[in-house]
Every structure is written in C-alpha cells, then in structure tokens.
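K.L.:
here you go, sequence then predicted model.
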Amino acid sequence: MKVVIVGGVAGGATAAARIRRLDESADIVVFERTGYISYANCGLPYHIGGAIPDADDLTLQTPESFRTRFRVDMRVHHQVTAIHPDRKTVSVKNLETGEFFEEGYDKLLLSPGARPLRPNIGGIDASGIFTLRTVEDTLRIKEHIAAHSPKSAVIVGGGFIGLEMAENLRELGLDITIVEFQRQLMSPFDEDMAAFIHSEVRKHGVHLLLGHGVLGFRAHEDGLEVLVEGANPIRTDIVILAMGVVPDTAIAGQAGLELGIKGSIVVNERMETSVPDIYAVGDAVQIRHSVTGADALISLAGPANKQGRIAADNICGGDSRYRGGQGSSVVKVFDMTASVTGINEKTARAMGLSVDKVILSPMSHAGYYPGGRVMTMKVLFERGTDRLLGAQIVGFEGVDKRIDALAAAIWAGVGASELKELDLAYAPPYSSAKDPINMAGFIIDNISCGLLKQWYVEDELPSDATLLDVRTVQEYALGHIDGFVNIPVDELRERLNELDRSKPVYVICQSGLRSYIATRILAGYGYDCYNFAGGYRFYSTAKNDCSISGRASACGMEV
C-alpha cells in the first residue's frame with residue numbers, strides 16, 4: 001500500500017507515524033511545502049519574544065530523524081498543486097528546482113492546514129507587515145526586529161496569536177496596540193469574562209482599540225501608518241496580522257471534493273472525504289461540534305493530532321471514529337491564564353437554548369495555605385436538562401487544571417449539578433476540600449432545587465426593588481453600586497426591620513458567597529430575594545471595561 005500525505009506538522013506527521021506503527025510494509029510519502037515537517041506551531045510567538053531562545057527547540061522531528069525512525073519519505077519544499085482522483089495521482093512542484101512531476105497513491109491524506117487571513121486592502125504588501133503561521137514566518141519576523149530595532153507594533157486581531165504576539169513583543173520592549181474589529185478580545189469568551197483579559201493586557205501597557213476595523217496601510221519614511229475605521233491613523237514600526245485563518249483547500253475544491261464552511265473539506269467520522277480513498281484532517285476540515293452537533297471549524301493542535309491518528313487507523317483497515325470537538329483551549333495572557341471549553345453564552349442564546357449560568361470567584365487552593373490566587377469561573381448549563389454547555393475561567397494558578405476537568409465532564413455527559421459529586425484531588429497547596437468545580441456544582445444544584453435565584457450584570461433591576469450590599473462597612477466604602485444600601489451579613493438578622501418585606505431584594509457581596517448566605521436568611525423570613533452571580537469584584541470589572549460600556553476613549557486611545 002502506498003500512502004501519500006499532503007502536509008506535515010500536526011495532522012500529517014501524526015498520521016505518517018501511526019501508519020508506520022500499524023503497517024511496516026507501507027510506502028509512505030509526505031510532501032511539505034515548507035522546510036519543516038513537525039514543529040511546535042503554538043510555540044512560535046515565544047521564540048520571537050525569547051522565552052524559547054533556540055529555534056531548534058521548536059522542531060519536534062526533522063525530515064532526517066523522521067526518515068530514520070519511521071522510514072517515511074519526507075520531501076520538504078515540495079508543493080502539491082493538483083489532485084487527480086481518476087488516476088489516483090497528485091501533481092507536485094519541487095520548490096527548490098522548479099521541477100513538476102506526478103506521484104501515484106493508493107490512499108491519499110490531505111493535511112494542508114489553514115492560511116492566515118490577509119485582506120485585500122491598500123498597502124497590505126508594504127514592508128514591515130507580517131503574518132505568523134510557519135517557522136519561516138517566525139524567522140522573518142525575528143530577522144526584521146534584529147535589523148530594524150522597532151520601537152512599536154500594531155497587532156491586527158485579538159485572538160490567540162494576537163494576544164501571544166502582544167505579550168512577546170511587549171517583552172522585547174515594544175509599544176503595542178491591538179486593533180480588533182469586534183468589541184472584545186478572544187471571541188470564544190463572553191464579553192463579561194473578556195473584561196478580565198482586557199484588564200490584564202492594559203495593566204501591562206498594551207493599548208486596545210476595540211470595535212474598529214483596519215482600512216489599510218501607508219508606508220512612510222519612519223515606518224508604517226495603520227488606517228483605522230472611526231479613529232486616527234496609528235504610526236508604527238511593524239504590523240502583525242493576526243486576523244484568523246481560512247482552510248487552505250484550493251486543490252481539494254478543484255479536484256471535486258465536497259467543501260463546507262469557508263471552503264473547508266467535508267469529512268465523515270472516519271475522516272473520509274467525498275472522494276474514495278482520500279482522507280483529510282486538521283485545520284482544513286469541517287467537523288461536528290460535540291456540544292451543539294452543528295458543523296464547525298476548530299483550528300487547534302489537539303483535534304488535528306487526534307484526527308491524524310484516526311485517519312491512519314482507517315487507512316490501515318481499522319474503524320476509528322472522530323466524535324467531534326468542543327474547542328477546549330487555554331492561553332497565557334502575561335501573568336494571567338484564560339481558558340475555555342464548549343460554547344459560550346452568546347452562542348447558546350443565538351441557538352435558542354434555555355441557558356443558565358453560575359459565576360464564582362474561588363481561590364486556586366486552600367485559603368489558609370500561602371500564595372492562593374482568585375480565579376473567576378463561568379459555567380453554562382441548560383435549564384431543564386442539566387446539560388453542561390461550556391465553561392470559561394480566567395485567573396492565575398490552577399486554571400488549566402479546572403478547565404480540563406470541566407472539558408472532560410462535558411465530553412463524558414456529566415450533568416451540571418453532578419459536578420458537586422466529582423471526586424477531585426485535594427491538598428492545601430493545590431486545591432480546597434470543596435474544589436472550585438464542586439462549588440460550581442453546589443450552586444447549580446441550589447438553583448435546580450429552587451434554593452437560589454440569581455440576578456446578573458446585564459439585568460435591569462425593578463424600580464421598586466430593595467438593593468442590598470452585605471459586605472463590611474469598610475468594603476462598601478471602597479466602592480459600591482449606586483442605590484445599594486449596606487447591611488453587613490452578620491448584622492442582617494438584627495436589622496431586618498430596615499427592609500420592606502413586600503419588595504423583592506437584590507443582594508450583592510464581594511464574591512457571591514456572603515450574599516448567598518444573606519438570601520437564605522431573608523428567604524427564611526419570607527423575603528423574595530435574588531443573589532448576584534459573581535459578586536461585586538465581577539460586577540466592577542465587567543461594568544468598568546470600556547469595551548462593554550462603549551467608552552472607547554477610556555481604552556487609552558484617541559478616537
């Protein structure tokens with residue numbers, strides 16, 4: 001059996017190694033248009049910033065090491081230009097010699113990946129404008145910085161690459177501005193959770209211009225000028241385009257393969273395309289979102305690696321199935337960690353789901369053990385079914401641990417209220433006896449049992465309601481919401497006469513715990529009461545974030 005693989009890196013290289021492990025006699029040829037067949041794509045920004053000083057550390061396997069270990073014919077700087085399913089061949093161009101030739105196959109695996117968006121706008125080809133997708137891109141940016149010593153950079157796009165590049169260029173001392181068309185960074189997060197990311201980014205001196213599109217670029221003697229919709233032009237020395245990616249599937253479409261979202265390749269659970277004996281994996285394929293059941297594009301390394309293994313199994317006569325992905329991801333944002341899995345509230349509401357949420361601010365480990373840090377968790381579930389829909393966590397320590405547990409719970413079909421029952425590891429330096437995930441389950445269970453009614457940052461409160469802040473007098477003095485009266489929770493029973501029992505009571509504290517205790521006290525005396533989801537810390541961060549309030553000038557940008 002002869003297998004031709006188009007593209008290395010995550011999906012293609014994984015498939016090649018798996019095929020060899022399953023079939024020692026298979027003839028395996030990999031065509032990769034760059035000079036690298038297996039590298040840490042996610043580590044590229046950290047090489048630019050110096051956290052990974054040696055470029056060789058990015059390379060997981062060289063063509064030579066891969067050939068030696070797996071006896072795979074790795075041909076770098078070779079680009080497949082056409083697929084001929086009728087005669088089961090591909091046309092290939094040797095990018096070093098210019099030679100064209102055809103290569104036959106019994107099975108063909110496409111792993112072409114995706115290409116960075118590069119809009120057709122004025123000045124896009126000016127010197128000093130870069131995208132980041134390959135090792136070669138990384139080296140070009142590094143060489144440009146070494147040669148020109150830029151003092152400033154504009155990053156167009158506020159997704160994973162945009163944030164990682166902002167951090168790493170800031171580490172080099174550059175003045176950074178992120179321009180993002182949407183009103184928030186990191187679209188997988190809801191606006192209220194993205195507010196914590198915005199705060200951390202601004203704290204490290206990065207300017208944010210949110211809700212503005214880039215119209216074009218102008219070169220001048222001192223560098224570049226970025227033309228921005230609704231704002232003054234921004235002068236800068238270097239531009240990084242981080243506007244997302246689109247599947248690189250031109251040859252698949254020309255060969256008659258069925259295409260889906262944004263030109264992605266349609267595959268079934270076995271990673272088979274619409275054409276017999278042709279498989280596809282990675283950023284180029286359309287998959288099923290495992291939470292919504294809808295078609296989706298998820299451009300992440302984890303799914304690509306899994307898909308490569310599954311395709312290899314099936315090429316070798318097995319019957320492996322890909323059940324879809326849920327977009328679990330994590331990103332370092334300077335000192336903060338931000339993570340997400342499943343769908344966000346915005347998506348759930350757009351789909352018409354009966355979504356509810358809990359927001360909590362637990363410590364990363366036991367409060368009595370030194371060094372604990374607060375994290376903010378938002379867990380989404382479906383009313384009536386108890387189905388977990390998604391989760392978002394921002395914080396410092398222990399964030400990745402909790403998002404992985406929640407991702408596993410969603411994948412396994414654990415009910416939202418069942419989170420309270422998860423048997424999770426505990427020791428004071430690492431967690432609490434009631435882990436934050438258990439705490440989310442306790443809150444959801446209280447909602448399901450009717451013990452807890454919530455109000456949220458976006459709610460319009462009734463004009464006749466009693467607004468109650470149950471923090472200490474000192475906390476209240478440091479900042480509070482207009483119209484809220486202060487009765488500390490420990491004084492509440494003795495001061496009930498100050499509250500009108502005929503009016504609903506909306507309660508808030510710093511994190512949501514004391515206010516919950518207050519609602520239980522009030523409910524015991526016949527009050528109709530509601531607890532704020534997230535606490536004053538959450539309310540203050542979300543409300544003060546200029547991307548939500550619309551006060552663009554508060555972002556530190558002249559508009």
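P.N.:
Received it, and whenever you're ready, just let me know what you need.
K.L.:
contacts only, for His47.
P.N.:
Pro53, Ala55, Asp57, Leu58, Thr138, Lys142 (C-beta atoms under 8 Å, 6 or more residues apart in numbering). C-betas here are computed from N, CA, C, even on glycine.
K.L.:
and it, that's in a helix?
P.N.:
Yes: with DSSP: H, G, I helix; E, B strand; the rest coil as the criterion, His47 is part of a helix.
K.L.:
any idea how far Phe66 is from it?
P.N.:
His47 sits 21 Å away from Phe66, going by C-beta to C-beta, to the nearest Å.
K.L.:
now the two most distant members of the contacts of His47.
P.N.:
Largest separation among these by C-beta to C-beta: Asp57 and Lys142, giving 13.8 Å.
K.L.:
residues near His480, how many?
P.N.:
Using other C-beta atoms under 10 Å, His480 is surrounded by 18 other residues.
K.L.:
with adjacent residues omitted, what lies nearest to it?
P.N.:
Nearest residue to His480, sequence neighbours excluded (C-beta to C-beta, 6 or more residues apart in numbering): Asp469, at 5.5 Å.
K.L.:
same deal with Thr14?
P.N.:
Of all residues not flanking Thr14 in the chain, Gly308 sits nearest, at 3.4 Å (C-beta to C-beta, 6+ apart).
K.L.:
quick check: which element contains that neighbour?
P.N.:
For Gly308, the host element (DSSP states H and E) is helix 301-315.
K.L.:
so where's the stretch 401-550 of the chain uncertain?
P.N.:
546-550 (pLDDT under 70).
K.L.:
all strands of it, in order?
P.N.:
For the stretch 401-550 of the chain, applying DSSP state E, counting those that start in this stretch gives strands covering 454-455, 466-469, 485-486, 505-508, 529-532.
K.L.:
so which of the ones you listed comes closest to Ser127?
P.N.:
With C-beta to C-beta, the closest approach to Ser127 among the strands of the stretch 401-550 of the chain belongs to strand 529-532: 52.0 Å.
K.L.:
got the CA positions of the closest one in PDB?
P.N.:
Output of strand 529-532 as PDB, limited to C-alpha atoms (Å, rounded to 0.1, in the frame of the first residue of the first chain):
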ATOM      1  CA  CYS A 529     -34.600  37.600  47.200                       C
ATOM      2  CA  TYR A 530     -32.000  37.300  44.400                       C
ATOM      3  CA  ASN A 531     -28.300  36.700  44.600                       C
ATOM      4  CA  PHE A 532     -25.900  38.400  42.300                       C
END
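K.L.:
by contact count, what packs against that strand?
P.N.:
The helices and strands touching strand 529-532, judged by 3 or more C-beta pairs under 8 Å, 6 or more residues apart in numbering; DSSP states H and E, are strand 454-455, strand 505-508, helix 513-524.
K.L.:
for the longest strand anywhere in the chain, name the packing helices and strands.
P.N.:
The strand that spans the most residues within the chain, counting by DSSP state E, is strand 387-395. In terms of contacts (3+ C-beta pairs under 8 Å, 6+ apart), strand 387-395 is packed against helix 191-203, strand 336-342, helix 345-350, strand 376-382, helix 399-412.
K.L.:
for the last one, the distance to its chain's centre please.
P.N.:
How far helix 399-412 lies from its chain's middle: 14 Å, per C-alpha atoms, centre = their mean, to the nearest Å.
K.L.:
do the same with the second one
P.N.:
Per C-alpha atoms, centre = their mean, the displacement of strand 336-342 from the mean C-alpha position of its chain is 7 Å.
K.L.:
only alpha carbons, please: show that strand as CSV.
P.N.:
The C-alpha coordinates for strand 336-342 follow below in CSV (Å, rounded to 0.1, in the frame of the first residue of the first chain):
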residue,chain,number,x,y,z
MET,A,336,-2.9,35.5,33.7
THR,A,337,-4.2,32.3,32.3
ALA,A,338,-7.5,32.3,30.3
SER,A,339,-9.3,29.1,29.3
VAL,A,340,-12.5,28.0,27.6
THR,A,341,-14.3,24.8,26.7
GLY,A,342,-17.7,24.1,25.0
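K.L.:
list of residues touching it?
P.N.:
By C-beta under 8 Å, 6+ apart, the surrounding residues in contact with strand 336-342 are 186, 188-189, 193, 196-197, 200, 291, 326-331, 380, 388-396, 399-400, 402-403, 406-407, 410.
K.L.:
between the contacts of His47, which is closest to Glu345?
P.N.:
Glu345 has its nearest neighbour among the contacts of His47 in Thr138, at 35.4 Å by C-beta to C-beta.
K.L.:
contacts for stretch 245-258?
P.N.:
Residues outside stretch 245-258 that contact it (C-beta under 8 Å, 6+ apart): 80-85, 110, 112-117, 133, 259, 262-266, 273-275, 278, 280, 283-285, 297, 299.
K.L.:
out of those, list just those in strands.
P.N.:
Mapping the contacts of stretch 245-258 onto strands (DSSP E) picks out 80-84, 110, 114-116, 265-266, 278, 280, 285.
K.L.:
which one of these is nearest to Tyr539?
P.N.:
Pro116 (37.5 Å).
K.L.:
on that earlier part again, pLDDT and distance to Gly98 for the ones in strands among the contacts of stretch 245-258 - can I get that in a markdown table?
P.N.:
Formatted as a markdown table, the ones in strands among the contacts of stretch 245-258 follow (pLDDT from 0 to 100; distance: C-beta to C-beta, whole Å):
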| residue | pLDDT | distance to Gly98 |
| --- | --- | --- |
| Val80 | 98 | 15 |
| Thr81 | 98 | 12 |
| Ala82 | 98 | 16 |
| Ile83 | 98 | 21 |
| His84 | 98 | 21 |
| Leu110 | 98 | 24 |
| Ala114 | 93 | 26 |
| Arg115 | 93 | 22 |
| Pro116 | 93 | 26 |
| Ile265 | 98 | 28 |
| Val266 | 98 | 34 |
| Ile278 | 98 | 27 |
| Ala280 | 98 | 28 |
| Val285 | 97 | 31 |
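K.L.:
buried ones among those residues?
P.N.:
Val80, Ile83, Leu110, Ala114, Arg115, Pro116, Ile265, Val266, Ile278, Ala280, Val285 (16 or more other C-beta atoms under 10 Å).
K.L.:
who does the most centrally placed residue in the chain bridge with?
P.N.:
For the chain, the residue nearest the mean C-alpha position is Ser329 (4.9 Å; C-alpha atoms, centre = their mean). For Ser329, the beta-bridge partners are Val340 (DSSP bridges).
K.L.:
show the contacting residues for Met193.
P.N.:
Taking C-beta under 8 Å, 6+ apart, we find Met193 in contact with Ala338, Thr376, Lys378, Gln392, Val394.
K.L.:
could I get the full set of strands for the stretch 151-300 of the chain?
P.N.:
Per DSSP E, counting those that start in this stretch, the stretch 151-300 of the chain carries strands over the ranges 152-156, 175-180, 207-210, 214-220, 223-228, 234-236, 238-241, 245-247, 265-266, 278-280, 285-288, 295-296.
K.L.:
mind putting those strands into CSV with distance to Glu164?
P.N.:
Converted to CSV, those look like this (distance: least, C-beta to C-beta, whole Å):
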stretch, distance to Glu164
strand 152-156, 10
strand 175-180, 11
strand 207-210, 16
strand 214-220, 19
strand 223-228, 20
strand 234-236, 18
strand 238-241, 10
strand 245-247, 14
strand 265-266, 27
strand 278-280, 27
strand 285-288, 24
strand 295-296, 23
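K.L.:
sweet, I'm off.
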